[in-house]
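> generate coordinates for the sequence data below:
(chains A and B)
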Amino acid sequence: MSTAGSVHVFAEYAGDLRDEADVVVVGSGPCGAVVAKELAEAGRSVVLLEEGPPFTPADFELDGALSMARTMREAGLRATRGHVMPTMQAIALGGGSLVNSAICVRPPAFVFDEWATRFELSHTSRAELDPHFDAVEAFLGIAPTPDAVQGRRNLLFREGCAKLGIPCEPIARNVRGCRGSGECFTGCRARAKQSMDISYVPAAIRAGARVYTSVRAEEVLSSGRRVRGVRGRVVAPFTGAAGPTLTVSAKAVVLAAGCMATPLLLLASGLANASGQVGRNLQFHPGVAVMGVFPERVDPQFGATQGMQSLHFLREGFKLETLWAPPAVLAVRLPGAGLALKERLAEIPYASIVDAIASCHRSLGTVRPRRRGSLDPLLTWRLHPEDLPVLGRALEVIVDVLFAADARKVLPGVHGLPDEMGPADAALLRGRSYRPTDFVMAANHAFCSTRMHGAPGDGVVDEEGRCHDLDNLYVADTGVFPRCTSVNPMLTGMALAHRTAAALHDRL
Amino acid sequence: MRSLGYVAEVPIGLVLALVLLVALGWRVFAGHARPATPLLRLSRREAAFVAAAAEALFPRGGAIAPSGLDAGVPAWCDRWLDALPAGTRLLVHCLFALVEHATLVFPAPGWDGWRRFSALDAERRGQVLEAWRTSRWFLRRLVFTSLRAIVTQGYFADAAVLRALGLAPRLIEAPVTVADTLYPPIGQPKSAIRFRSDQVQVHGPLDRPPAGAPLEAFGPLHPDYREGAA
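Numbers count the residues shown, from 1 in each chain, chains lettered A, B, ... in the order given. Take a look at the predicted model:
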């Protein structure tokens, strides 16, 4: 039995372990961390399991690829089948919050209205979720990105939007003391990003939670309609080499392992799938990005990683935002090879990058185990033909914004289009039709693999995150979204997790 | 002593075919240079391939001075492969083998274009890669994009390349947070934690405003990216 309020790391595990708690939470990403902190502060005994290790600033790797190899599952090289699209999942204390750009956006009311209508959800309106959004925002000090750390790259987007009359605004982020280093994706060396490992998890520990890092949950233990706890195994950081077991007995279990891992854990445990919906309905926000090259030096590495956005086109199905990433990652979309490629790379200091994330809710996929009982996902996803024009339209708007900001050329990175386009070429994009394989897409927002639905036969969990089939098993991650959010999902996941924690506390 | 008369009975066509096969096999699979430094994950053949791809994608000269070879892409690739999970690493090995030998199916221009990729001269390697990049077949484009992404990441891992573009990471001094008193560096016991609670400078998110002092464009570089750093 552990002492209250502690964190355990790989180097100290010597043999098989047992623990017990009121609640065991699987996964320390944004949703699991919220549940752990809220329940611990409410006086519940909480165990939080995390497969990844905690990262200190000394552990951050500035080399983009090596960083991904350390912080991402499958070294950041995971991709869907069907239509091939890279998608990443973090493996670290704090989950994706360690390596995302800290974007916190409340979806507009119409998103929740659609959820309510189509998925029989009567208590998931924006108004009913607002207190939960408020609580998360207040704890993290979420605020719009100030001009002082926007950098020229983000401000060019604002200038372009202003000239076209497109409303845009600074992105609200869970960041305090931002230096504008543009290093969100490799870990914030300035300790400014309020990722879960430095915000919610320490608060949970302070309130008495026991955190086991480097422990992979392998099975949810159950009897009849009740779960009894979780059996897991110690795994070595980076290599995944298996070690001793950890068994946690608990009055309730909350799965917050993410949209890819939670359904696999349910399938491996043979639980919560009377509806047959576990692992189905997988949705993404596929993203396309365009680099604009400007006459003057932009120095795009300085400034908030993603500092500006426009929600103006949400009803059309996409959101615009500025973007920075390790240069090698950005270069994937650049055309050419040899000296021509070098010339394009040399233009990066003159570049501003804008991306769009698309609400492709008609494009569905599945999460299945690679092998029977495996916890490695096999993802299948296909872009629906009716979602394709959304990406085309987004591309058109991005190019217009970049040229309005006085870009001298853009590099669309789309097969079939010229490698470089000047202002006169923008007309090529109007009404153009595309094939899915024309785009170099990526998607790191994933949803709906354990969706909530008012009807038990059509969903996995109810509105409070409780599995329809079980009395004390909950899911708290983006898998519970019935449909994509149209905006970055972290804050919505945290608000729903906040509500789940309150509901669970009342039932214990 | 046994008569050598049976040699005369071997059909000359078979001999020629064998010689041709050995020559072809040598051309395709052997004759790779020994790498300068010992490698963890790349075979000698793969190191030669990665070097050839790096030289084709990032030749000497042009807008950025260091070439792919100057940037040490093969050695970086070896380190990166070592950091990958086994299944993913296998896929990368397959990718390298595919492009190295795909010139047997999609030959480079010229009468002797059926050589392995790494045995082609730099100009024709560039032509081969350009054909992959612009192919109407998505899978060929995908293979090119994957290979180029790997080599480009290796290129950008080089401090001289980043310095040349002004993209080298800057020095950032971080305040001590509560988290710094909780977690040791990865793989170490908690006794390795450097900070105590009385050293904490930031106790919670609301201790600081959203913006801190922005980094200076000409501020000092991170020590690993300074000229002469190991």
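
> pull the CA atoms of whichever strand or helix holds B:Ala52 into PDB?
Assigned by DSSP states H and E, B:Ala52 belongs to helix B:44-57. Extracted in PDB, the C-alpha atoms of helix B:44-57 (Å, rounded to 0.1, in the frame of the first residue of the first chain):
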ATOM      1  CA  ARG B  44      26.700  -1.200 -44.500                       C
ATOM      2  CA  ARG B  45      24.300  -1.500 -47.500                       C
ATOM      3  CA  GLU B  46      21.700   0.800 -45.900                       C
ATOM      4  CA  ALA B  47      24.300   3.300 -44.800                       C
ATOM      5  CA  ALA B  48      25.400   3.600 -48.400                       C
ATOM      6  CA  PHE B  49      21.900   4.000 -49.500                       C
ATOM      7  CA  VAL B  50      21.100   6.700 -47.000                       C
ATOM      8  CA  ALA B  51      24.300   8.500 -47.900                       C
ATOM      9  CA  ALA B  52      23.300   8.300 -51.600                       C
ATOM     10  CA  ALA B  53      19.800   9.600 -50.900                       C
ATOM     11  CA  ALA B  54      21.200  12.400 -48.700                       C
ATOM     12  CA  GLU B  55      23.600  13.500 -51.400                       C
ATOM     13  CA  ALA B  56      20.800  13.500 -54.000                       C
ATOM     14  CA  LEU B  57      18.400  15.400 -51.900                       C
END
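
> does anything pack onto it? Which helices or strands?
Judged by 3 or more CB pairs under 8 Å, 6 or more residues apart in numbering or on different chains; DSSP states H and E, the packing partners of helix B:44-57 are helix B:73-83, helix B:86-101, helix B:122-133, helix B:138-156. In short, each C-beta sits where N, CA and C put it, glycine included.

> which ones are touching the residue most central in space within chain B?
Centroid-nearest residue in chain B, with CA atoms, centre = their mean: B:Cys77, separated by 3.4 Å. Neighbouring residues of B:Cys77 by CB atoms under 8 Å, 6 or more residues apart in numbering or on different chains: B:42, B:50, B:150-151, B:154.

> then A:Val230?
So A:Val230 contacts A:24, A:26, A:49, A:217, A:219-221, A:247-248, A:250, A:253 (CB under 8 Å, 6+ apart).

> circling back: just the residues contacting the helix holding B:Ala52, thanks.
With contact meaning CB under 8 Å, 6+ apart, helix B:44-57 is reached by A:337-338, A:341, B:29, B:32-35, B:39, B:42, B:67-69, B:71, B:73-74, B:77-78, B:93, B:96-97, B:99-100, B:117-118, B:120, B:122, B:125-126, B:128-129, B:147-148, B:151-152, B:154-155.

> now the buried members of those residues.
Burial by neighbour count, 16 or more other CB atoms under 10 Å in any protein chain shown: within the contacts of helix B:44-57 this picks out A:337-338, A:341, B:32, B:35, B:39, B:42, B:67-69, B:71, B:73-74, B:77-78, B:96, B:99-100, B:117-118, B:120, B:125-126, B:128-129, B:147-148, B:151-152, B:154-155.

> ok, back up a step: just send the contacts of A:Val230 back as CSV, with pLDDT too.
Output for the contacts of A:Val230, formatted as CSV (pLDDT from 0 to 100):
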residue, pLDDT
A:Val24, 98
A:Val26, 98
A:Leu49, 98
A:Ala217, 97
A:Glu219, 97
A:Val220, 98
A:Leu221, 98
A:Thr247, 98
A:Val248, 98
A:Ala250, 98
A:Val253, 98
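
> now those residues in TSV, with secondary structure?
Shown next, in TSV, are the contacts of A:Val230 (DSSP: H, G, I helix; E, B strand; the rest coil):
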residue	secondary structure
A:Val24	strand
A:Val26	strand
A:Leu49	strand
A:Ala217	strand
A:Glu219	strand
A:Val220	strand
A:Leu221	strand
A:Thr247	strand
A:Val248	strand
A:Ala250	strand
A:Val253	strand
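
> filter the residues you listed down to the buried ones, PyMOL style.
To isolate the buried ones among the contacts of A:Val230 in PyMOL, judged by 16+ other CB under 10 Å, type:
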select buried, chain A and resi 24+26+49+217+219+220+221+247+248+250+253
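
> please, which helix or strand holds A:Thr380?
strand A:377-381.

> that older thread, can you tell me which of the contacts of A:Val230 is nearest chain B?
The nearest member of the contacts of A:Val230 to chain B, counting by CB to the nearest CB, is A:Leu49 at 15.8 Å.

> does the closest one really touch A:Val26, like I thought?
Yes: judged on CB atoms under 8 Å, A:Leu49 makes contact with A:Val26 at a distance of 5.1 Å.
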